[in-house]
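please find the sequence and the predicted model below.
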2 protein chains.
Amino acid sequence: MSITLKDIAERAQVSQATVSIAMGSTGRISDKTRKRVLSIADELGYRPNLLVQGIQKGQTMTVGVLMAFNDHVFDVRLFNGIHETLSSANYVPIVLRPTPVLPVLQQIHSLIDRRVDGILIRPAKEAIWERHLNEALDRNLPVVSMDIETRADTPRVDFVGTDNVVGARAAADALLEAGHRRVAVVTTGVETDAMHDRAEAFASRIEEHGDATVFCVNQPWVDNTKGEDAALEILNKKPRPTAVFATMDHLAMGVYRVAHELGLRIPEDLSVAGFGANVIADELTPPLSGVRQKPEQTGARAAELLLQRIHEGDEHGKRQRIMIEPEWVNLKSIKTIGS
Amino acid sequence: MSITLKDIAERAQVSQATVSIAMGSTGRISDKTRKRVLSIADELGYRPNLLVQGIQKGQTMTVGVLMAFNDHVFDVRLFNGIHETLSSANYVPIVLRPTPVLPVLQQIHSLIDRRVDGILIRPAKEAIWERHLNEALDRNLPVVSMDIETRADTPRVDFVGTDNVVGARAAADALLEAGHRRVAVVTTGVETDAMHDRAEAFASRIEEHGDATVFCVNQPWVDNTKGEDAALEILNKKPRPTAVFATMDHLAMGVYRVAHELGLRIPEDLSVAGFGANVIADELTPPLSGVRQKPEQTGARAAELLLQRIHEGDEHGKRQRIMIEPEWVNLKSIKTIGS
DNA sequence: TAGAGGTATTGTCTCGATTAGATAATTACC
DNA sequence: GGTAATTATCTAATCGAGACAATACCTCTA
């Protein structure tokens, strides 16, 4: 199979134990032997077998990552953040993607059987996931959920995600500051969604201003919806709002399209702001202003937290909830109007 | 740590060996004992330790996947294909992403140390990758490269990727059939690139027709280039071509943009075809016709091939080179003109 | 030159599970 | 009722590396 300590020991005319000591920094060995052993190891291309260390120390330097990769861009960036943190700690991710054919439970077992040290998940809508997590939690495997929060009754699952409230407020402030007093919100999804939080935080911030009005249109969630219906409703309103906030960049695309069809120019006739992490913001004409999430940072923090949990061992402190603040980015889709 | 056979053995008042036999299908055990053992195992939540099986059989049921995830959408879809094939064979991917800070060699060592059974890579441009692959190949680890081919002098690395020639020809045929006789190509990159193959195959197919003319503009590769310069050059040509083939969907976006600026309507004034796997084709107005790659299929075939190599063991047949045929998809960006 | 005090090296047990070979227990049959 | 045949279970070795206790080998000193 592969080169083992025994092979090296034979070549070097010493015992396996000696070789083992020579490789590690522990124990004393004569410089002469150490050099000889190391050079033979190098020559044979020896590589330690982490599986062995895994069964001995109960630490595999491996973590499981459960993500569906439905939102391609976001998930990749999230993963990149995870990966970077893990790699620099010499950990390695086993990436699994639950599908109808291969349910979560099976994937989690797959991870447990390989004795991962912890699990990172980006839960899908279905709350089913959460029940299955007990399989891991009951074995004292730390679990951190990313971007989407598990219900509050899973106290052992930490969370790292975007601070939707801060982001939505920043958007509101930016629009107010640009002089907008009549604004609308396009959103989608149900109450439990992040979208909903964004819409609400945005609206209440606008209302706090006293002098400004806001109204919100919810486009029922259909796969890949761009929210054209909602956009149409908004833009036909009299008097027409001067700015629209979309709780998702995707929805902003619908606004762009409908505006274009109605002959409205952006930003001259209508200002638009989005919320997301997608490259689409840059690809629209004009480039879409909005709240930018930081998936890399989310992933990195989640991985850091997981590693911390792994190292702190059994007695688990209280549940952590880390919010990553998104950033307001002003491009060309917002017009400043006289107050 | 976690529940072991020994724990079960104690509870069941039998030896570990008995438990082991009861778990597996090999060996005979009385139905009574088997049931007892299994129920205790279930009750304790026993899960086998694959690490142990790994060091014993030299098979970890794990493969390494090296991808940079630069092209978000393509890479995710590629990964999905890989994942599905691996999962249904009870294999699991360790996904690593070479970065400047964490060079390929280190990543490969990481995989070897964990004794993966094989490696899938999507090589980046830098040919450096290939040298490092020897670390794996010399240990008889099968390696399959995806989408981008390693040089021919790496005979032990199999390849699975898009059939650029077939795809480009399909595009040429479609444009010819729609009556176009004066067509242009926007491309980018250097001679070794897939883009180049596409441009060449397309052009020669057009020329074969005898009655049609084609010319090609190469936009030097800059990160994220959309090829506006090249598009401008093409569209200012007199007489203006009636159709443009972009060797990459991204470049087609540049054509759209420039055409729009010049007041040319698509497809009325100009037909456009692309080549890619991105969703952007659907998001453009009008939706972009073109050659569609099949990343899932590429990933799945690559994984299948890898598994086959893993199972066939040492004596490696001759290098495999599997081409996945892309599909011509006709949307709204091509006008049929009278011949 | 015996014994103290080092340093260098080795034997052996351990991790969790599989497996071959050895025993024990049961059944079959004359 | 005794022995062979069959079935059920156990003992012990194995995989690769680490940890610790146990020796072997020096050197120095009284």
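Cool, got the structure.

what ranges in the stretch 51-200 of chain A fall below the confidence cut-off?
Along the stretch 51-200 of chain A, segments meeting pLDDT under 70 span A:125-128, A:152-153, A:191-192.

can you give me the helices in it?
Assigned by DSSP state H, counting those that start in this stretch, the stretch 51-200 of chain A shows helices spanning A:72-88, A:104-113, A:128-137, A:164-177, A:194-208.

do the longest one and chain B meet?
So the one you mean is helix A:72-88. Yes - using Cβ under 8 Å from any Cβ of the partner chain, helix A:72-88 comes into contact with chain B via A:His72, A:Val73, A:Asp75, A:Val76, A:Arg77, A:Phe79, A:Asn80, A:His83, A:Glu84, A:Ser87, A:Ser88. From N, CA and C alone the C-beta is placed, and that goes for glycine too.

buried residues of that helix, list them for me.
For helix A:72-88, the neighbour count (16 or more other Cβ atoms under 10 Å in any protein chain shown) marks A:72-87 as buried.

same question for the last one.
Judged by neighbour count using 16+ other Cβ under 10 Å, the buried positions of helix A:194-208 are A:Ala194, A:Met195, A:His196, A:Asp197, A:Arg198, A:Ala199, A:Glu200, A:Ala201, A:Phe202, A:Ala203, A:Arg205, A:Ile206.

test my guess that A:Thr285 contacts B:Arg257.
Yes - at 7.4 Å, A:Thr285 counts as touching B:Arg257 under the criterion of Cβ atoms under 8 Å.

who has more neighbours, those two?
B:Arg257 (18 against 13; other Cβ atoms under 10 Å in any protein chain shown).

which residue packs closest to that one, ignoring adjacent ones?
Closest residue to B:Arg257 apart from its sequence neighbours, by Cβ to Cβ, 6 or more residues apart in numbering or on different chains: B:Glu228 at 6.4 Å.

and what of A:Gln320?
Closest to A:Gln320 by Cβ to Cβ, 6+ apart is A:Asp158, at 4.3 Å.

who's that neighbour bridged to?
On the basis of DSSP bridges, A:Asp158 is bridged to A:Val144.

circling back: which of the residues of helix A:72-88 next to chain B come close to DNA strand D?
Of the residues in the residues of helix A:72-88 next to chain B, proximity to DNA strand D by Cβ under 7 Å from any atom of the strand holds for none.

need the strands for chain A, in chain order.
A:62-66, A:92-96, A:118-121, A:143-146, A:157-162, A:182-188, A:213-219, A:243-246, A:271-276, A:289-292, A:321-324, A:327-329 (DSSP state E).

may I have the third one as CSV, with CA atoms only?
Provided in CSV are the C-alpha atoms of strand A:118-121 (Å, rounded to 0.1, in the frame of the first residue of the first chain):
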residue,chain,number,x,y,z
GLY,A,118,-17.8,19.2,13.7
ILE,A,119,-20.4,20.2,11.2
LEU,A,120,-21.2,23.4,9.3
ILE,A,121,-24.6,23.7,7.7
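
quick one: is it near chain B?
No - Strand A:118-121 lies out of reach of chain B by Cβ under 8 Å from any Cβ, never closer than 12.4 Å.

got it, and the second one?
Yes - taking Cβ under 8 Å from any Cβ as the criterion, strand A:92-96 and chain B are in contact, through A:Val92, A:Pro93, A:Ile94, A:Val95, A:Leu96.

please indicate which of these has the highest neighbour count?
Highest neighbour count within the residues of strand A:92-96 next to chain B, by other Cβ under 10 Å: A:Leu96, with 26 neighbours.

one step back: residue contacts, the residue nearest to A:Gln320?
A:Pro142, A:Val143, A:Val144, A:Ser145, A:Leu305, A:Leu306, A:Arg309, A:Arg319, A:Gln320, A:Arg321, A:Ile322 (Cβ atoms under 8 Å, 6 or more residues apart in numbering or on different chains).

nearest to DNA strand C, out of the buried residues of helix A:72-88: which one, please.
A:Leu86 (24.2 Å; Cβ to the nearest atom of the strand).

for that closest one, give me its contacts.
A:Leu86 neighbours (Cβ under 8 Å, 6+ apart): A:Val63, A:Val92, A:Pro93, A:Ala303, A:Leu307.

so can I have a markdown table of these showing distance to B:Ala68?
Output for those, formatted as a markdown table (distance: Cβ to Cβ, whole Å):
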| residue | distance to B:Ala68 |
| --- | --- |
| A:Val63 | 20 |
| A:Val92 | 16 |
| A:Pro93 | 15 |
| A:Ala303 | 19 |
| A:Leu307 | 23 |
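
restrict the residues you listed to those near DNA strand D?
Applying Cβ under 7 Å from any atom of the strand to these, none is adjacent to DNA strand D.

deepest-packed of the strands of chain A, please.
With neighbours defined as mean count of other Cβ atoms under 10 Å in any protein chain shown, the strands of chain A peak in mean count at strand A:243-246, which reaches a mean of 31.
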